[in-house]
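Chemist: Dropping the sequence and predicted coords here.
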Amino acid sequence: MNLPDSLRAQLKIPLGTLVVESQTSKKNIQNYLPKNAYLITVGDRTTEKMIDYGFIPSLQIIDNQEKRITRESPKNDPSYIQLSCNNPAAQITLESIEQIKHAFTLKTPVRLTIFGEEDLLVIPACIFAPENSIVMYGQPNQGLVIIQVTPEIRNKTQSLLDLME
């Protein structure tokens, strides 16, 4: 599914709470994490930051890039279950959706490495996330977006996916 130009502006609006870069700290992030939350991070820098704070995301979706520049993968623990798939820029592939759904059935933590671009995978992550999930992703040049997955968020992200061609 391809991202139509008509959705680009809408996707620049954070899907959840924006924590500005200057307020992104371990203590502040903890305020957004309910007890026993299933934490999903989308993006290398977001994943790395949460690991550095001592939070091990249950599902980490990375592409070894930051702002389209190749970078080193965030710290990796050999106990992570490793998955991978293709997902070209400005697309959400059926393969990536299936891998995200599969990841939710596995023992955590799971790292899904994307060959292509992971940005839009926030959408299926929100749709298929288990109950009590929090999704985090970076808002370029602004900060960290934290989404508490609710029925409203599932409906909103499903509507966005339905608008993709």
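Modeler: Cool, got the structure.
Chemist: and after the element among helices and strands of the chain having the smallest mean pLDDT, which helix or strand comes next?
Modeler: Taking mean pLDDT, DSSP states H and E as the measure, the helices and strands of the chain show their lowest mean at strand 69-70, namely a mean of 64. Of the helices and strands lying after strand 69-70 in sequence (DSSP states H and E), the nearest is strand 81-87.
Chemist: residue contacts, residue 128?
Modeler: Applying Cβ atoms under 8 Å, 6 or more residues apart in numbering, one finds that residue 128 lies in contact with 97, 100-101, 104. The way it works is simple: take the backbone N, C-alpha and C, and place the C-beta from them, glycine included.
Chemist: Just give me the closest of those residues to residue 16.
Modeler: Within the contacts of residue 128, the smallest distance to residue 16 is 17.8 Å, found for residue 100 (Cβ to Cβ).
Chemist: thought that closest one was touching residue 121?
Modeler: Yes: with contacts defined as Cβ atoms under 8 Å, residue 100 counts as touching residue 121 at a distance of 6.7 Å.
Chemist: thinking again about what came up before, let's see if you can find the most crowded of the contacts of residue 128.
Modeler: For the contacts of residue 128, the largest neighbour count, defined by other Cβ atoms under 10 Å, is 25 neighbours, found at residue 100.
Chemist: Just list the residues touching the spatially closest residue to that residue that is not a sequence neighbour, thanks.
Modeler: Taking Cβ to Cβ, 6 or more residues apart in numbering, and ignoring the residues beside it in sequence, residue 100 has residue 124 as its nearest neighbour in space, at 5.1 Å. Residue 124 makes contact with 92, 96-97, 100-101, 157, 161, according to Cβ under 8 Å, 6+ apart.
Chemist: The closest residue to residue 62 other than its chain neighbours: neighbouring residues, count only.
Modeler: Taking Cβ to Cβ, 6+ apart, and ignoring the residues beside it in sequence, residue 62 has residue 44 as its nearest neighbour in space, at 4.7 Å. Residues near residue 44, counting by other Cβ under 10 Å, number 23.
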